[in-house]
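In: My questions are about this predicted structure, shown below with the sequence.
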Amino acid sequence: MTQAPPATEETGTGRPVAPGGWLGWVSSTDHKRMGLLTIGTSLVLFVLVGILALIMRAQLARPEQELVGVDTYNQLFTMHGSGMIYMVMTPFAIGMGVYLVPLQIGAPGIAMPRLTLLGYWLYVFGAIVMLAGFATPNGAHADGWFSYPPMADSVHSPSIGSDLWIAGVFVATAGVIIMGWTVLWTVLRKRTHGMTMLRLPVFSWSMIVTCLMVIGAFPALLAALALLAVGRADPALFDSNVWNIGYQHLFWFYGHPVVYVMFFPFLAAVAEVLAVFSGRRFFGYRGTVLSLLVFAALSMSVWGHHMFATGQAANDYYSLTSILLLVPAGIEYFGMLGTLVGGRLRFTTPMLFALAFIPQFLIGGLTGIMVGTPVIDYHVTDSYFIVAHLHYVLFAGSAFGLFAAVYFWFPKVTGVMLSERGGRLHFWLLVIGTNLTFLPMFGLGYEGMPRRVWTYAGFEGFGLLNLVSSIGAAFLAAAMTVFLVNLLWTLRQRAHRRAEPAPDDPWQAHTLEWATSSPPPRNNFTPEHPVPPIASFAPLLDLRQRREKEAAGQGSRP
């Protein structure tokens with residue numbers, strides 16, 4: 001009697017499915033698993049670095065408190081800022097691309113899947129190395145997420161945590177570059193039949209420009225970190241101002257485009273949500289695509305506006321290019337508002353987050369133009385005005401787009417839906433907490449409170465606004481707690497088969513990922529769930545409209 005061959009489920013490409021269990025997850029080359037691993041890792045880190053921010057707000061709630069010492073506080077704000085940018089928002093944005101882009105373009109998988117998996121593990125390893133600084137004798141890195149020399153050299157910052165920070169950021173950024181490259185190559189090489197470039201969904205276009213910025217700008221950060229590492233080995237390097245300013249040029253050539261890497265995917269997620277829950281095709285599609293490309297190009301020409309106060313930047317040029325960003329940004333806002341006009345709005349949880357994104361990010365954008373103007377920037381540099389501006393961009397803006405995306409695509413990813421009641425409670429707590437926390441910081445900056453201070457005297461008059469800001473942070477903590485409970489409870493119900501399955505397309509959405517099953521199969525599309533005909537960037541909307549016309553035509557016949 002011959003022995004039966006080992007059972008393997010063929011994927012249709014001659015490759016067996018990855019092993020099950022945790023080993024299957026951590027070694028899988030399925031883009032959906034790699035995308036979820038990236039997103040899940042960034043959400044865990046979101047919670048961890050968010051806790052650091054709560055400790056800072058507790059310290060600053062009242063004047064002259066000493067809940068933590070100055071050295072600890074410096075580590076907290078450094079690792080909070082570094083964590084949010086290097087470990088949370090940027091990887092989350094790329095993880096969305098890894099998961100969604102192959103589905104949206106009708107591809108069976110991502111290009112270079114093993115390289116994508118390598119990128120993910122480099123990101124994880126880099127994050128662990130960064131956080132390991134807290135376990136060293138002198139603690140974690142404490143010179144800000146930008147780490148300017150000479151303060152970040154080995155003379156002024158001798159901590160091993162600083163060396164770990166450099167190594168961790170370098171490795172994590174290299175991983176993100178790799179994942180960005182594979183997502184871009186997927187769009188260029190693996191589109192299904194009929195999916196021309198001007199039929200790509202808005203989200204996929206946002207990932208194109210995001211990945212172009214990752215590939216074009218992120219190597220500058222690697223060069224800056226290498227320069228900083230050399231300077232820590234030989235501190236005499238930074239005796240020359242050429243290298244100090246040179247480091248800033250390299251860093252901010254990365255530091256400004258990364259803002260849009262943390263913005264474009266969430267802007268596009270909001271655009272997708274607005275179109276679906278307005279029941280309309282996204283307004284001004286071609287203009288929005290062009291504006292994204294122009295925005296990405298301009299984003300790499302404005303880095304010097306972060307350096308106005310150094311006296312080493314061409315102020316007129318960088319101010320002009322910064323103000324020019326208003327043009328593509330205005331086109332994108334016009335597209336979102338135009339989509340809403342005349343639509344039949346459905347106020348679901350994703351729609352609420354998408355609507356709140358628009359005015360809140362507008363505050364961040366307009367104050368960005370202010371700090372891009374030298375005469376204003378000289379007065380608000382290194383004040384809490386900058387902290388408020390940054391958080392209205394990355395939290396009041398991008399984080400709301402992030403949650404709109406989570407609630408919108410969760411049923412596609414898991415096959416079940418998050419609680420609408422829990423989602424609405426999360427939304428309102430987050431709106432209250434966001435504006436209570438960050439709006440007072442504009443007033444603190446106007447009154448002259450410098451950023452990166454661990455305490456302040458009572459006579460300075462900063463106490464009331466800081467107290468309001470810290471109360472707002474408590475609302476943010478409550479909002480995130482509600483979200484996590486909603487998320488974990490739903491996943492637990494799904495694991496025990498108690499959750500009601502969601503339809504494949506519960507929202508009546510527009511793009512290809514909603515044409516397949518929920519969750520999607522290994523190769524994304526099957527004979528039971530084929531790729532539909534593609535005639536525009538909203539193929540499922542086209543299909544529904546065609547059926548409605550056919551039904552109307554049949555109904556009018558005698």
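Out: Right, received. Where do you want to start?
In: CA only for contacts and neighbour counts going forward, please
Out: Noted.
In: How far does stretch 133-152 stretch from one end to the other?
Out: 15 Å (CA to CA, to the nearest Å).
In: Check what contacts that stretch and list those residues.
Out: 71-72, 74-79, 81-82, 130-132, 156-157, 159-165, 228, 232, 235, 238-239, 244, 247-248, 251 (CA atoms under 8 Å, 6 or more residues apart in numbering).
In: One more: stretch 528-536?
Out: Counting by CA under 8 Å, 6+ apart, 106, 194-195, 198-200, 512, 515-517, 525, 539-540, 542 sit against stretch 528-536.
In: give me that answer again for 10 Å
Out: 103, 105-107, 192-196, 198-201, 504, 511-517, 520-521, 524-525, 539-540, 542-543 (CA atoms under 10 Å, 6 or more residues apart in numbering).
In: could I get it in CSV with only the CA atoms?
Out: The C-alpha trace of stretch 528-536 is given here as CSV (Å, rounded to 0.1, in the frame of the first residue of the first chain):
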residue,chain,number,x,y,z
GLU,A,528,-17.4,32.5,-6.8
HIS,A,529,-16.1,36.0,-6.2
PRO,A,530,-14.5,37.1,-9.5
VAL,A,531,-13.0,40.5,-10.4
PRO,A,532,-15.9,42.4,-12.0
PRO,A,533,-15.6,44.4,-15.2
ILE,A,534,-13.7,47.6,-14.6
ALA,A,535,-14.7,50.8,-16.4
SER,A,536,-13.8,53.5,-13.8
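In: Excluding chain neighbours, what is closest to the most centrally placed residue in the chain?
Out: Closest to where the C-alpha atoms of the chain average out (CA atoms, centre = their mean) is Met89, at 3.4 Å. Spatial nearest neighbour of Met89, chain neighbours left out: Met262 (5.7 Å); criterion: CA to CA, 6 or more residues apart in numbering.
In: where's the one you found relative to Thr210, distance?
Out: Distance from Met262 to Thr210, by CA to CA: 8 Å.
In: neighbour-wise, which of the two wins?
Out: Thr210 (30 against 25; other CA atoms under 10 Å).
In: List only buried entries from the contacts of stretch 133-152.
Out: 72, 74-79, 81-82, 130-132, 157, 159-165, 228, 232, 235, 238, 244, 247-248, 251 (16 or more other CA atoms under 10 Å).
In: Next, Leu345: secondary structure please.
Out: Three-state assignment for Leu345 (DSSP: H, G, I helix; E, B strand; the rest coil): coil.
In: can you count the residues close to it?
Out: Neighbours of Leu345 (other CA under 10 Å): 16.
In: Show the contacting residues for it.
Out: Leu345 neighbours (CA under 10 Å, 6+ apart): 274-280, 351.
In: Can you add distance to Ser419 and pLDDT and give those back as TSV?
Out: Output for the contacts of Leu345, formatted as TSV (distance: CA to CA, whole Å; pLDDT from 0 to 100):
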residue	distance to Ser419	pLDDT
Leu274	20	98
Ala275	22	98
Val276	19	98
Phe277	18	98
Ser278	21	97
Gly279	22	95
Arg280	25	95
Met351	14	98
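In: so where is the protein shaky, pLDDT-wise?
Out: 1-19, 555-558 (pLDDT under 70).
In: mind listing the strands for it?
Out: Taking DSSP state E as the criterion, the chain contains no strands.
In: Find the residues that touch each one of Met262 and Thr210.
Out: 90, 93-94.
In: Distance check, His391 against Val124.
Out: Distance of His391 to Val124, computed by CA to CA: 25 Å.
In: Next, Asp143: phi, psi?
Out: Phi and psi for Asp143, reported as degrees, to the nearest 10, are phi -120, psi 20.
In: tell me the contacts of the residue nearest to Met89?
Out: When contacts are counted by CA under 10 Å, 6+ apart, Met262 touches 85, 88-94, 210, 393-394, 397-399, 402.
In: Tell me the buried residues within these.
Out: Among those, those classed as buried by 16+ other CA under 10 Å are 85, 88-94, 210, 393-394, 397-399, 402.
In: what's the burial count for the closest residue in space to Ala229 that isn't next to it in sequence?
Out: Sequence neighbours aside, Ile166 is the residue nearest to Ala229 in space, at 7.2 Å (criterion: CA to CA, 6+ apart). For Ile166, the neighbour count with other CA under 10 Å is 21.
In: can I assume Ile166 is in contact with Leu225?
Out: Yes - Ile166 lies in contact with Leu225 (CA atoms under 10 Å); the separation is 6.2 Å.
In: I'd like to know how many residues surround the nearest residue to Phe77 once chain neighbours are set aside.
Out: Leaving aside its sequence neighbours, Phe77 sits nearest to Gly144 (CA to CA, 6+ apart; 6.8 Å). For Gly144, the number of neighbouring residues by other CA under 10 Å comes to 18.
In: Distance check, Gly144 against Asn74.
Out: Distance from Gly144 to Asn74, by CA to CA: 8 Å.
In: what residues do these two have in common as contacts?
Out: Shared contacts of Gly144 and Asn74, defined by CA under 10 Å, 6+ apart, are found at 80, 452.
In: re earlier: could you flag which of the contacts of stretch 528-536 are buried?
Out: Buried among the contacts of stretch 528-536 (16+ other CA under 10 Å): 103, 105-107, 192, 195, 199-201, 504, 511-517, 520, 524-525, 539-540, 542.
In: Check the offset of stretch 156-174 from the chain's centre.
Out: Chain-centre distance of stretch 156-174: 22 Å, with CA atoms, centre = their mean, to the nearest Å.
In: mind checking how far the closest residue to Arg199 other than its chain neighbours is from Val183?
Out: Leaving out its chain neighbours, the residue that sits closest to Arg199 by CA to CA, 6+ apart is Phe537, at 4.1 Å. With distances taken as CA to CA, Phe537 is found 19 Å from Val183.
In: Same check on Leu237?
Out: On the measure of CA to CA, Leu237 and Val183 end up 38 Å apart.
In: cool, Gly20 as well?
Out: 25 Å.
In: Please say which of the two ends up with more neighbours.
Out: Taking other CA under 10 Å, Gly20 and Val183 do not tie; Val183 has more neighbours (29 against 10).
In: can you pull the contacts of the nearest residue to the more buried one once chain neighbours are set aside?
Out: Leaving aside its sequence neighbours, Val183 sits nearest to Val98 (CA to CA, 6+ apart; 6.0 Å). Contacts for Val98 (CA under 10 Å, 6+ apart) come out as 30-36, 38-39, 92, 109-111, 113, 116, 179-180, 182-184, 186, 207.
In: what's the answer for Ala217, then?
Out: 177, 211, 250-258, 299-300 are the contacts of Ala217 under CA under 10 Å, 6+ apart.
In: isn't Met195 right next to Gly106, touching?
Out: Yes - under the criterion of CA under 10 Å, Met195 makes contact with Gly106 at 8.0 Å.
In: re earlier: cross the contacts of stretch 133-152 against helices and list the overlap.
Out: 71-72, 74-79, 81-82, 130-131, 160-165, 228, 232, 244, 247-248, 251 (DSSP state H).
In: Quick check: the residue nearest to the centre of the chain vs Gly364, distance?
Out: Taking CA to CA, one finds Met89 at 16 Å from Gly364.
In: now do Phe408
Out: 24 Å.
In: go on, Arg546?
Out: 41 Å.
In: And the helices in the stretch 151-300 of the chain?
Out: Along the stretch 151-300 of the chain, the segments classed as helices by DSSP state H, counting those that start in this stretch run 160-189, 202-233, 241-255, 257-261, 264-278, 285-299.
In: Return the most buried member of those helices.
Out: Highest mean neighbour count of these: helix 264-278, a mean of 26 (counted as mean count of other CA atoms under 10 Å).
In: Packing partners of that helix?
Out: Secondary-structure packing of helix 264-278 (3 or more CA pairs under 10 Å, 6 or more residues apart in numbering; DSSP states H and E): helix 90-104, helix 202-233, helix 285-299, helix 326-340, helix 349-371, helix 400-414.
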